[in-house]
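Colleague: Mind looking at a prediction? Sequence and model below.
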Amino acid sequence: MNALGLGYDWTKEINTTDPNYYKWTQWMFLLIYNSWFDKDLNKARHINELPIPAEITDAMEIENYKDSHRLAFISMIPVNWCAELGTVLANEEVDEWKSKGYTVERKPMRQWMLKITEYADRLLTDLDLVEWPTSTKDMQFHWIGKSVGAEINFDVKNFDKSVKVFTTRPDTVFGATYLVLAPEHEFVSQIASDDKKAEIVEYLKKASEKSDLERTELSKEKTGVFIGAYAINPATGLEIPIWIADYVLAQYGTGAIMAVPGHDERDFEFAKEFNLPIVQVVKPADGKAWNIEESAFVEKSGFGMNSANSEVSLNDEPTPKAIEKIINWLKEKNIGEAKVQFKLRDWLFSRQRYWGEPIPIMYFEDGTKRSLDLDELPLLLPEVENFNPAGTGESALATVESWVNFTDKKTGKKARLETNTMPQWAGSCWYYMRYADYANNEIFCDFEKQKYWLGNGGVDLYVGGAEHAVLHLLYARFWHKVLYDFGYVSTVEPFQKLFHQGLILGEDGEKMSKSRGNVVNPDEVVGEYGADSLRLYEMFLGPLEAVKPWSTKNITGTFNFLNRAWRLIATEDGKLSEKVQDIELTPEQDYVLNYTIKKVGEDIENLSFNTAIAQMMIFVNEFTKAEVKPRSAMEKFVLCLSPFAPHIAEELWQILGHHKSVSLEEYPIFDEAKVVKQSIEFIVQVSSKIRAKLQLAVDLEENQVKELALQNESVIKHIDGKEIRKVIFVKNKLINFIV
RNA sequence: GCAGAAGUGGCGGAAUUGGCAGACGCGCUGGACUCAAAAUCCAGUGGGCUCAACACCCGUGCGGGUUCGACUCCCGCCUUCUGUACCA
């Protein structure tokens, strides 16, 4: 990187695995842990400010109540457990190990979660504040996935229970002909009939062995099992069967749905597969008949039908009105209410691996616990011989007796440390702020420094790959907002302007990889053509955001350009060329110079480096033609070139007689008056076809141009005595005679 | 399937309040310099037609449309890339 002349200040290097750095990652985790989300104020507050209900008086119960409100909490949630490996696998690792013959199952295990869902609304609305690519904003928008609907309770026949479902179409409740629970739903084992239990266990086993990916790959064929229980449709009063099926996800909504096969594609497919009744309760707005046995009617623009009981009728109501009406009825009867649901799930934060920041919480023998104080951080990882997981689902840390079990100095009590560690994402959630105050040991970043460097809406320009569009960029926004709520940062959002650079592919148009053998080694290119040629070529390839192939052959273009630029100013042996003299510029040279300064400056602002370089090539071509080169133009050109090709520019600058580094110079200023052309090539069209080009002075009026144009031979020929019906005139551009 | 982006010479790409399509570079062709070559410099280079020039015609993935005028705007398709995965 040094050879390429990239301007990194290595004294400010940071490292998320450095204890002095992860001290603050742990501190931030504890800030989150010691918070609850005040829905009224729509922000995080300290856990000690949480109002405790009067009926809770027992100290232990108060702690439990607090724990259930913390933004970091423990939950039993399904993870990819591989018993043979004794460890939990990431989604993308599952297939790899399964193909090696290992068994991976979805098993609920104790995990630390962060309540990012509390920030769902803010993460959504604050997207308006940032200058990000629309595609990335869209991705986050869909990922957060806000849907507005209702929750409805369906009583279970013969049980004192009711299944809560979430639906965006409560108006179709009259058409709900069965319920479907996620296989993992807690009611399944409780309400299933005995004769179905064997079948259910079998189905559950199969479902648990499927990864999320497999569940969806099998999407075309719906599977499920009737569990021998019935629910009562609260709208119709009818008994409807309860099924389990893995197309219903435990993690979303309530983990249960009311199935309306007449008005939902998935429910329709399922009903067809298992011969369940389909009832039409919405009709198309155009009044045409709809064959509900053929396909589901899913438009939200219809009118209700077959939807009435003794208390409420949705018949002939347009869908939006019907939704409103049924929600009011559900509320009145206390069987449901309006509900906003997000696709966004809480963040599974813990890892059962050695390499990660230890979660700084200790548990005492009496069942109480405490988080570490700032003066006890960082909580270091112990030195170990064996990094393998404990095999119990815990990390290697659980096997380090001396680390895990100890006597707490502050309380004198025997304690056991949490053995979970944090994910890679944690340290990258806030590193962008550490650069502003990289060595501070009192706080993660001094507020004033943070405000100075990042106060203008966050990081001014954040360049990174599109693969981070939803995970890193969402997690970091979440942490930043928590820090904002406690006044540690001055902006609501961490990254003001975001740019995704495109990948440079190998010469074969494929991703560069060792296995494909298409990797280009920059060191070799630098050796042959120099660092400036490489830098310039990478920028000249095409737009920064585009994915584009490398071509070693084409680097001669930028290499030649730099050689030509050199010869403009210097001799082969590095002396100032005798042709560089203090002379006036010709009007044409003056224009090219000023336009180059303007264009390159603007293109840098827009990150359009390829066109900036093209303009500098035009400059060099123009001045190569000249017998004598004006010194002032050469100096300004070197200043333009300097950010792109710093090494050559530096040498040329010194050859031109300067002693101060060119990198300390200001970018040159152009003369606005000189970038306006004195004369322009004017287009003359006859019936929209170009028939002549005239070299004219600028700002001529229509009459003047018309007169000149009509004297042109080619124009006369094409008008051919015909009547001119219309004349279109665009100032300084064209005149068009319609005949 | 859904969402987003893209499709322009032999190649990378340029051109957006709709107004010269192909800037700039690579490659290729010819010339100058040289004993020769490399390097360098100069000229040419979308296709068709033409001995050639002029002129003319065609041309921005495909098919329509709006407009005096469309790479650009609208409708419908095709292809490629990226992301995502039954979210009730």
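Modeller: Looks like it arrived, so ask away.
Colleague: C-alpha only now, for contacts and for neighbours.
Modeller: Fine.
Colleague: Can you classify the residue lying closest to residue A:559 once chain neighbours are set aside by secondary structure?
Modeller: Using C-alpha to C-alpha, 6 or more residues apart in numbering and skipping residues adjacent in sequence, the residue nearest residue A:559 is residue A:533, 5.2 Å away. Per DSSP: H, G, I helix; E, B strand; the rest coil, the local secondary structure of residue A:533 is helix.
Colleague: Wait, residue A:533 touches residue A:552, no?
Modeller: No. Checked against C-alpha atoms under 8 Å, the pair residue A:533 and residue A:552 is beyond contact range at 11.2 Å.
Colleague: Comparing the two, which shows the higher neighbour count?
Modeller: A side-by-side neighbour count of residue A:533 and residue A:552, using other C-alpha atoms under 10 Å, places residue A:533 first with 26 against 13.
Colleague: Enumerate every residue touching the residue nearest to residue A:559.
Modeller: By C-alpha atoms under 8 Å, 6 or more residues apart in numbering, the contact list for residue A:533 reads A:526, A:555, A:558-559, A:562, A:645.
Colleague: out of those, which are inside helices?
Modeller: The members of these that map onto helices under DSSP state H are A:526, A:555, A:558-559, A:562.
Colleague: Keep only those residues that also lie close to RNA strand B.
Modeller: Restricting these to those touching RNA strand B (C-alpha under 7 Å from any atom of the strand) yields A:555, A:558.
Colleague: quick check, nearest of the ones in helices among the contacts of residue A:533 to residue A:28?
Modeller: Compare each of those with residue A:28 using C-alpha to C-alpha and the shortest gap goes to residue A:526, at 42.7 Å.
Colleague: so how far is residue A:532 from that closest one?
Modeller: Distance of residue A:526 to residue A:532, computed by C-alpha to C-alpha, to the nearest Å: 8 Å.
Colleague: Residue nearest the middle of chain A, spatially speaking?
Modeller: Chain A has residue A:469 as the residue nearest its centroid, 1.9 Å off, counting by C-alpha atoms, centre = their mean.
Colleague: neighbours of whichever residue of the stretch 51-200 of chain A sits closest to RNA strand B, just the number please.
Modeller: Per C-alpha to the nearest atom of the strand, residue A:167 is where the stretch 51-200 of chain A lies closest to RNA strand B, at 2.7 Å. The tally of other residues near residue A:167 (other C-alpha under 10 Å) stands at 24.
Colleague: go on, residue A:519?
Modeller: 15.
Colleague: how about the nearest residue to it, chain neighbours excluded?
Modeller: residue A:512 (5.1 Å).
Colleague: Count the neighbours of the one you found for me.
Modeller: Neighbour tally, residue A:512, other C-alpha under 10 Å: 19.
Colleague: Now for it: which residues touch it?
Modeller: Residues in contact with residue A:512 (C-alpha under 8 Å, 6+ apart) are A:504-506, A:518-520.
Colleague: Quick check: the two most widely separated of these?
Modeller: Comparing every pair within the contacts of residue A:512 by C-alpha to C-alpha identifies A:504 and A:518 as the most remote, at 11.4 Å.
Colleague: Look up how far RNA strand B lies from residue A:29.
Modeller: 25 Å (C-alpha to the nearest atom of the strand, to the nearest Å).
Colleague: Same check on residue A:671?
Modeller: As judged by C-alpha to the nearest atom of the strand, residue A:671 and RNA strand B stand 21 Å apart.
Colleague: Ramachandran angles for the closest residue to that residue other than its chain neighbours?
Modeller: The shortest distance from residue A:671 to any non-neighbouring residue, by C-alpha to C-alpha, 6+ apart, is to residue A:594 (6.2 Å). Torsion angles at residue A:594 (phi, psi; degrees, to the nearest 10) stand at phi -70, psi -40.
Colleague: related to what we said a few turns ago, what's the per-residue pLDDT of the residue nearest to residue A:559 here?
Modeller: pLDDT for residue A:533: 95.
Colleague: What of residue A:509?
Modeller: Residue A:509 is given a pLDDT of 76.
Colleague: How about residue A:542?
Modeller: pLDDT, residue A:542: 90.
Colleague: Do I have it right that it meets residue A:612?
Modeller: No. Judged on C-alpha under 8 Å, residue A:542 makes no contact with residue A:612 at a distance of 11.0 Å.
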